[in-house]
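Novice: compute the structure for the input listed below.
(2 chains)
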Amino acid sequence: MAGNLEFIKSTTGSSVTSLDVTDCFSADYDVYQFNLVQFDRATADFAGIRFLDSGGTVITANEYDWAHMNMRSYSTFAERRATNNSYIDGLAYSQTTSLDTTTGAVWNIFNPYESSSYTFTKGQSSVMVDGYGVTAFKAIGVHKSAEQITGFQIYTAGTSFNATVKVYGVK
Amino acid sequence: MAGSLIKINEEIVSSAVASVTLTGIDGTYDVYMVTVMGAEMSSLVDIPFRFTVSGTADSSSNYDYASKRLVASTSFANISATNQAQMDMSVAVSGSNDLAMYMIYIYNANNSSEYTFCTFESVSTSDGIAKLQGDMGGGVLTVAQATDGIQFFDNGGSANITSGTFTLYGLKK
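Specialist: Numbering: from 1, shown residues only, chains lettered A, B, ... in the order given. Down below sits the predicted model:
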């Protein structure tokens, strides 16, 4: 029985404050993987994700729960969590546009296109923090509204960033 | 497009079953991956797993595991046990909005002179109240033997698996 990790699309943003990865979920797959292969920005901040509804509109409602462990090589580990939030945190972090502070991440998204189910995600990210060292995020999240999801958004608090995202379906 | 993730076995549960067993691990691949999509139980219990030997679950008390449990609503927890009859890095899932998603990587399974190892990640809404939890960890079956599959079940024996898609993949060399 053949199966694959099948490439769906790549999206790149340059000097954007958010990056929408549109129309990447369909009935063709139940499980998706996306890789964040570049993320850098001039101002220190985290990045997270939001989902896009069936019309391609970003869901900003307080319908997200998330938790992540920040495993810092240079300090103690930190727990971060939230319920009823407006996004899922823990995807990435950067504080300069220098390439040595980028983030590499691999996340999975489960059930996005199924309109009768919540959409789940889990992921892990490796982040180089300028002047400190490497840290790793292990993260989970859920969008607690049963609706069809067609894409997602790389979300930040508003400062501009550069990013490239590659999306795959797990066949 | 050619890929390196080869689907070997899949079971889709749409009516209650006591367990799900995926076999098909052999020497073809070094690493195997199992995905569990949308698993749910008939009552509020965990969904542990164990490995199979010649298609039969190894229920010996030789499983060790440890994980970090991430929880959105409260402090995280350390989960660990040794000499268990199963690996249980899961949370209880039952109820209309409870569902579990797993991704498990299995190593050394076909090597009869080595232990079978796995790493485990999950994300679930759970405890009958859609409480977001996820476990990140690993485990080992401390028996030098060849294992050929994985079985999901209720450790207490009273609950059934009522939904979910369980899939075994090989990672192409």
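Novice: name the element the residue nearest to B:Ser163 when sequence neighbours are not counted belongs to?
Specialist: Residue nearest to B:Ser163 in three dimensions, not counting chain neighbours: B:Glu40, with 4.6 Å by CB to CB, 6 or more residues apart in numbering or on different chains. All C-beta spots, glycine's among them, are computed from the backbone N, C-alpha and C. Using DSSP states H and E, B:Glu40 sits in strand B:31-41.
Novice: wait, B:Leu168 sits on B:Ile8?
Specialist: Yes. Using CB atoms under 8 Å, B:Leu168 is in contact with B:Ile8, at 4.7 Å.
Novice: what do these two both touch?
Specialist: By CB atoms under 8 Å, 6 or more residues apart in numbering or on different chains, B:Leu168 and B:Ile8 have these common neighbours: B:22, B:24-25, B:32.
Novice: need the residue closest to the centroid of chain B.
Specialist: B:Phe49 (4.7 Å; CA atoms, centre = their mean).
Novice: OK, contacts around it?
Specialist: B:Phe49 makes contact with B:86-87, B:104, B:150-153, according to CB under 8 Å, 6+ apart.
Novice: go through stretch A:106-119 and flag the buried ones.
Specialist: Within stretch A:106-119, the residues scored as buried using 16 or more other CB atoms under 10 Å in any protein chain shown are A:106-114, A:117-119.
Novice: next one: it to chain centre, how far?
Specialist: Remark: stretch A:106-119 is offset 13 Å from the chain centroid, using CA atoms, centre = their mean, to the nearest Å.
Novice: can I get it in PDB, CA atoms only?
Specialist: Once non-C-alpha atoms are left out, stretch A:106-119 reads as follows in PDB (Å, rounded to 0.1, in the frame of the first residue of the first chain):
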ATOM      1  CA  VAL A 106       7.800  21.000  12.400                       C
ATOM      2  CA  TRP A 107       4.200  21.000  13.400                       C
ATOM      3  CA  ASN A 108       1.300  18.600  12.700                       C
ATOM      4  CA  ILE A 109      -2.300  19.600  12.200                       C
ATOM      5  CA  PHE A 110      -5.100  17.000  12.700                       C
ATOM      6  CA  ASN A 111      -8.600  17.000  11.400                       C
ATOM      7  CA  PRO A 112      -8.700  20.600  10.000                       C
ATOM      8  CA  TYR A 113     -11.200  20.000   7.200                       C
ATOM      9  CA  GLU A 114     -13.600  17.900   9.300                       C
ATOM     10  CA  SER A 115     -16.400  20.300  10.100                       C
ATOM     11  CA  SER A 116     -17.800  18.300  13.000                       C
ATOM     12  CA  SER A 117     -14.500  18.200  14.900                       C
ATOM     13  CA  TYR A 118     -12.200  20.500  16.700                       C
ATOM     14  CA  THR A 119      -8.800  21.100  15.000                       C
END
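Novice: please identify the helix or strand for B:Ser122.
Specialist: Applying DSSP H and E, one finds B:Ser122 within strand B:116-126.
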